[in-house]
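Asker: Generate coordinates for the sequence data below:
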Amino acid sequence: MSTQSNTRVLAMLLLTGAVTALHSQPGPAGKFDEAAIERGKSAYSAACSFCHGSNARGGETGPDLVRSVLVIDDENGKELGAFLKTGRPAAGMPAFNLPENQVRDIAEYLHRLVYAAASRREYAILNIVTGNAQRGEAYFSGAGGCKACHSPAGDLKGIGAKYEPVILQDRFVNPRRTAIPGHPESEGIVANQGKTVRITPAAGPVVSGDLIRISDFHVTLRDAQGVTRTFARTANEPKVEIADALQAHMDLLRKYTDENIHDLTAYLVTLK
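Answerer: Predicted coordinates:
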């Protein structure tokens, strides 16, 4: 059975919950193009992780690509490339005009994730503390701009002792996630979604709170007293202003290099 075919069968079993049926069959370990995977990981991080999450497991607006039928059925980036050229604008997915070789690299990276998820008994997260802590501290205080909102002696004090490195890295690369698959200790981490909203009605007092959801027709928030309130929206009323405390993290997703991410992780684990 070929690498592509074996991965597809495993993935379809993953989707149906019957993955254990194939554990006795040999997998394609070592048959993936590791260089392409590394290139694909970088390309994915720059173009896709903002919506689909740092590990392709789904983000705030994008679905889980590890369980995507499009990804599972893809052959060497052909189906994925055709889809990226048109996107799905109605669902918020823009078109991407990426070079064919880059699409193939992204596809190889996603195929490896699909296989790892389907073969989760064999999968283990390796040591990710491979960066340079001194460079990470310099990036934190300088180009990364982290120091503008965070303090090693304040909100980040002791964070290196509190969380595993993989959880720490996921928190700053994908700050809206609440848990990491396969890491039960991360289930208790409730990420502050970071978005607040200020509503100014045509009549009555201004109302502010944490944004829960918003559409063309309604906006729902939780106020300072913990009360959930929903307001109907028309074309012009009420006035809705949204502030995102995590926007700086989202902006960094387009700027991070792998080295930046590894160095920041290495630095954060020193904050015991």
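
Asker: Leu156 is in contact with His150, correct?
Answerer: Yes: with contact defined as C-beta atoms under 8 Å, His150 and Leu156 form a contacting pair (5.3 Å). (C-beta placed from N, C-alpha, C; glycine too.)

Asker: Please point out which parts of stretch 148-165 sit buried.
Answerer: Going by neighbour count (16 or more other C-beta atoms under 10 Å), the buried part of stretch 148-165 is His150, Pro152, Leu156, Ile159, Gly160, Tyr163, Glu164, Pro165.

Asker: tell me the average confidence for that stretch?
Answerer: Confidence over stretch 148-165 (mean pLDDT, whole number) is 90.

Asker: Export only the CA atoms of that stretch, formatted as PDB.
Answerer: What follows is stretch 148-165, C-alpha atoms only, in PDB (Å, rounded to 0.1, in the frame of the first residue of the first chain):
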ATOM      1  CA  ALA A 148       4.400  46.100  25.900                       C
ATOM      2  CA  CYS A 149       1.700  43.900  27.400                       C
ATOM      3  CA  HIS A 150       3.500  41.300  29.500                       C
ATOM      4  CA  SER A 151       6.000  41.200  32.300                       C
ATOM      5  CA  PRO A 152       8.300  38.400  33.500                       C
ATOM      6  CA  ALA A 153       7.800  39.700  37.000                       C
ATOM      7  CA  GLY A 154       4.100  40.200  36.600                       C
ATOM      8  CA  ASP A 155       1.500  38.200  34.600                       C
ATOM      9  CA  LEU A 156       4.200  35.800  33.400                       C
ATOM     10  CA  LYS A 157       5.900  35.200  36.700                       C
ATOM     11  CA  GLY A 158       6.300  31.400  37.300                       C
ATOM     12  CA  ILE A 159       4.700  30.500  34.000                       C
ATOM     13  CA  GLY A 160       7.600  28.200  33.100                       C
ATOM     14  CA  ALA A 161       6.900  26.100  36.100                       C
ATOM     15  CA  LYS A 162       3.200  26.200  35.700                       C
ATOM     16  CA  TYR A 163       2.800  24.800  32.100                       C
ATOM     17  CA  GLU A 164       4.600  22.300  29.900                       C
ATOM     18  CA  PRO A 165       6.700  23.800  27.100                       C
END
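
Asker: just how off-centre is it within its chain?
Answerer: 21 Å (C-alpha atoms, centre = their mean, to the nearest Å).

Asker: next one: stretch 130-144
Answerer: On C-alpha atoms, centre = their mean, the centre of stretch 130-144 falls 21 Å from that of its chain.

Asker: Also stretch 245-256?
Answerer: Worked out by C-alpha atoms, centre = their mean, stretch 245-256 lies 12 Å from the chain centre.

Asker: how about it as CSV, C-alpha atoms only?
Answerer: Output in CSV follows, covering the C-alpha atoms of stretch 245-256 (Å, rounded to 0.1, in the frame of the first residue of the first chain):
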residue,chain,number,x,y,z
ALA,A,245,-6.6,42.5,23.3
LEU,A,246,-5.0,39.6,21.3
GLN,A,247,-4.6,41.4,18.1
ALA,A,248,-0.9,41.8,18.7
HIS,A,249,-0.6,38.0,18.8
MET,A,250,-2.6,37.7,15.6
ASP,A,251,-0.3,40.2,13.9
LEU,A,252,2.8,38.3,15.0
LEU,A,253,1.5,35.2,13.2
ARG,A,254,2.4,36.8,10.0
LYS,A,255,5.9,37.8,11.2
TYR,A,256,7.2,34.9,13.3
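
Asker: Give the buried residues for stretch 254-261.
Answerer: Within stretch 254-261, the residues scored as buried using 16+ other C-beta under 10 Å are Tyr256, Asn260, Ile261.
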